[in-house]
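# quick one, structure for this:
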Amino acid sequence: MSENLKTIKELADELGITKQTVQYHIKNLPSKTRKKNSRGAILLTKEEQNFIKSRVNKQSDREQSDREQSDREQSDREQSDREQSDREQSDREQSDREQSDREQSDREQSDREQSDREQSDREQSDREQSDREQSDREQSDREQSDREQSDREQSDREQSDREQSDRGQSDREQSDREQSDREQSDREQFYLEKIKIQEEQIEDFKEQRIELREQVKHLGVLLDQQQRLALQDKKLLEEYKTENDSLKALKIPAEGSQAEQAGNQPQAELEALKIEIKALNDKIKGQEQLNNQVSKKWYQFWK
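Numbering: from 1, shown residues only. I've put the predicted structure just below:
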């Protein structure tokens with residue numbers, strides 16, 4: 001088997017796909033009679049193998065792109081879950097701090113009621129505590145603002161990435177449609193050229209048929225002429241043969257010089273007739289040969 005020809009099973013094993021997949025791609029090839037090996041298996045040419053390989057590679061690229069897109073989406077969802085968890089953790093911490101503040105305030109109120117002597121000390125302590133809490137709240141607010149700013153920037157980046165991915169997907173789909181349109185146009189051009197060639201062949205066959213009819217008509221006329229000439233020659237030959245037989249039947253005298261002189265004239269006429277008969281026989285033979293040649297041409301034409 002030639003290295004450029006492969007069966008469906010050999011090509012499927014080479015590409016790592018099933019025979020059904022190869023048969024599916026064969027349907028996209030222009031229909032024509034394909035070669036088969038001794039076991040009846042279809043053989044694919046180098047061009048058909050390259051066509052199927054290109055389609056399999058394109059499909060594999062699209063599947064790889066889909067898997068990468070799915071991985072990016074999964075990563076985005078995990079990132080979003082982590083951010084949501086961080087915000088919930090921050091909310092819980094804020095709530096704990098507020099609860100602690102409320103409890104601290106209750107304790108401070110209880111301390112003020114507990115002792116008037118320590119009122120000044122507690123107020124001083126409260127003011128310091130209040131300053132610290134104020135500072136803590138401002139710090140917490142700044143951190144909260146920073147996290148929200150960071151979240152917005154992260155969301156903007158994710159949105160930009162999704163838009164970029166959507167544009168890339170749209171470009172690939174547009175390229176696939178253009179490729180499909182070009183292949184369809186090539187197949188239509190191929191069929192149009194084939195139809196044009198067939199129409200030209202039909203016109204040639206029609207012209208040949210007209211020429212053959214003219215030749216047949218001309219040969220029929222020639223054959224009729226030859227047959228009429230042959231009949232005329234045959235009739236003349238029979239007349240000459242009859243006249244020759246009548247001359248042979250004449251009795252030539254064999255005595256005396258007078259008899260010889262009297263016999264010279266019929267003898268000369270007999271010799272002249274023999275020469276004419278010989279020439280006529282040659283002419284008839286030539287006519288028969290010509291008739292045979294015409295008959296052979298006629299037989300060759302109808303054969």
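# which stretches of the chain have low pLDDT?
For the chain, applying pLDDT under 70 flags the ranges 1-3, 31-32, 251-267, 269, 291, 293-303.
# ranges for the helices of it?
Assignment of helices within the chain using DSSP state H yields the ranges 8-15, 19-26, 46-114, 119-249, 256-302.
# mind putting those helices in a markdown table, distance to S38 included?
To be clear about C-beta, it is placed using only N, CA and C from the backbone, and glycine gets the same treatment. Below are the helices of the chain laid out as a markdown table (distance: least, Cβ to Cβ, whole Å):
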| stretch | distance to S38 |
| --- | --- |
| helix 8-15 | 15 |
| helix 19-26 | 19 |
| helix 46-114 | 20 |
| helix 119-249 | 31 |
| helix 256-302 | 39 |
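# right, and those - which one's nearest R39?
The closest of the helices of the chain to R39 is helix 8-15. By Cβ to Cβ, the value is 10.9 Å.
# which positions in the closest one come out as buried?
The neighbour-count check on helix 8-15 (16 or more other Cβ atoms under 10 Å) flags I8, E10, L11, A12, L15 as buried.
# run through who's touching stretch 69-81.
Q154, E158, D161, R162, S165, Q169 (Cβ atoms under 8 Å, 6 or more residues apart in numbering).
# again, 6 Å this time
Stretch 69-81 has contacts (Cβ atoms under 6 Å, 6 or more residues apart in numbering) with E158.
# now swap in stretch 155-175 and tell me
So stretch 155-175 is contacted by D76 (Cβ under 6 Å, 6+ apart).
# if we go to 10 Å?
58, 61-62, 65-66, 68-69, 72-73, 76, 79-80, 83 (Cβ atoms under 10 Å, 6 or more residues apart in numbering).
# with respect to Q149, which of those residues is nearest?
Comparing those against Q149 with Cβ to Cβ places E83 closest, at 13.2 Å.
# neighbours of the closest one, just the number please.
15 (other Cβ atoms under 10 Å).
# next: E199.
Residues near E199, counting by other Cβ under 10 Å: 10.
# what does the one 4 residues further on give?
Neighbours of E203 under the rule other Cβ under 10 Å: 10.
# buried set for stretch 44-60?
Under 16+ other Cβ under 10 Å, the buried positions of stretch 44-60 are L44, E48, Q49, F51, I52, V56.
# who touches the first one in this structure?
The contact partners of L44, by Cβ under 10 Å, 6+ apart, come to 4-8, 10-11, 22, 26, 29, 34-35, 50-52.
# cool, the last one as well?
For V56, the contacting residues are L11, A12, L15, G16, I17, T21, V22, H25, by Cβ under 10 Å, 6+ apart.
# likewise the fifth one?
Shown in contact with I52 (Cβ under 10 Å, 6+ apart): 8, 11-12, 15, 17, 21-26, 28-29, 44.
# please report how far it lies from E288.
Using Cβ to Cβ, to the nearest Å, one gets 68 Å for the distance from I52 to E288.
# distance check, Q94 against R67.
41 Å.
# between those two, who's got more neighbours?
Using other Cβ under 10 Å, the more surrounded residue of Q94 and R67 is Q94, with 13 against 10.
# can you tell me the closest non-neighbouring residue to the more buried one?
In this structure, Q94 finds its nearest non-sequential neighbour in S140, 7.0 Å apart by Cβ to Cβ, 6 or more residues apart in numbering.
# and for the one you found, the neighbour number?
Residues within reach of S140, counting by other Cβ under 10 Å, total 14.
# swap in G286?
Neighbours around G286, by other Cβ under 10 Å: 11.
# contact partners for it?
Residues in contact with G286 (Cβ under 10 Å, 6+ apart) are D233.
# list the contacts of the residue nearest to Q94.
Counting by Cβ under 10 Å, 6+ apart, S140 has contacts S90, E93, Q94, R97.
# now, among the residues you listed, which is nearest to Y240?
Using Cβ to Cβ, S90 comes nearest to Y240 of those, at 140.3 Å.
# looks like the closest one contacts R147 (just checking).
Yes. Under the criterion of Cβ atoms under 10 Å, S90 makes contact with R147 at 7.0 Å.
# Q184: which of the buried residues of stretch 44-60 is nearest?
F51 (14.3 Å).
# wait, Q287 sits on K234?
Yes. Under the criterion of Cβ under 10 Å, Q287 makes contact with K234 at 9.4 Å.
# roughly how far does E118 sit from E128?
14 Å.
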